[in-house]
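[1] Predicted structure and sequence below. I'll ask about it afterward.
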Amino acid sequence: MSVKPTFFENFEAALAKLIEFESLYDGSEIHQAGVIQAFEFTFEQCWKAIQKKAGAEGLVLASPRKALEWAMTNGWILATSEGNWLQMLNDRNLTSHTYRARTAQSVTTHILAIYITEFKATLKLMKNS
């Protein structure tokens, strides 16, 4: 008998990989690139998990911003974290569409100092819902 995967399974796996990259991070450009890539993938899996859960409730969330708004409304993203998530969305868009050393360093700092913690908190709330 196979177990049906949960809506957050891919997000959880991506976050585990990001945490692994965090533990290996030494400040080098190659590690910075790895952290950013893992962040982008984790962000995508997070909003897709939100989209899946909303879809199971009959809603269509066609963009990351709409998914984040739904997650905020449903308590998966706390009101006190809204600014962090909006900055995260902005940073994800920056890293997906351009590469500048200064931007990469700034985003890496945000990932390591703020975003991983936000992902962990949201995953915990997802699991408890």
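    Received, thanks.
[2] Buried residues, stretch 25-36. List them.
    For stretch 25-36, a neighbour-count test (16 or more other Cβ atoms under 10 Å) marks Gln32, Gly34, Val35, Ile36 as buried. For every residue, glycine as well, the C-beta is placed using N, CA and C.
[3] I'd like the distance between the first one and Glu118.
    Separation of Gln32 from Glu118 (Cβ to Cβ, to the nearest Å) stands at 19 Å.
[4] same thing with the last one?
    Plainly put, Ile36 is 16 Å away from Glu118 if you go by Cβ to Cβ.
[5] hmm, back to that, among the buried residues of stretch 25-36, which one lies nearest to Asp26?
    For those, the closest approach to Asp26 (Cβ to Cβ) belongs to Gln32, at 9.4 Å.
[6] can you tell me the helix or strand for the closest residue to that closest one other than its chain neighbours?
    In space, Gln32 comes closest to Thr108 once its chain neighbours are excluded; the distance is 5.0 Å by Cβ to Cβ, 6 or more residues apart in numbering. Taking DSSP states H and E as the criterion, Thr108 maps to helix 101-110.
[7] tell me, how many neighbours does the residue nearest to Gln32 end up with?
    Number of residues near Thr108 (other Cβ atoms under 10 Å) recorded here: 22.
[8] Then Leu15?
    Using other Cβ under 10 Å, the number of residues around Leu15 comes to 22.
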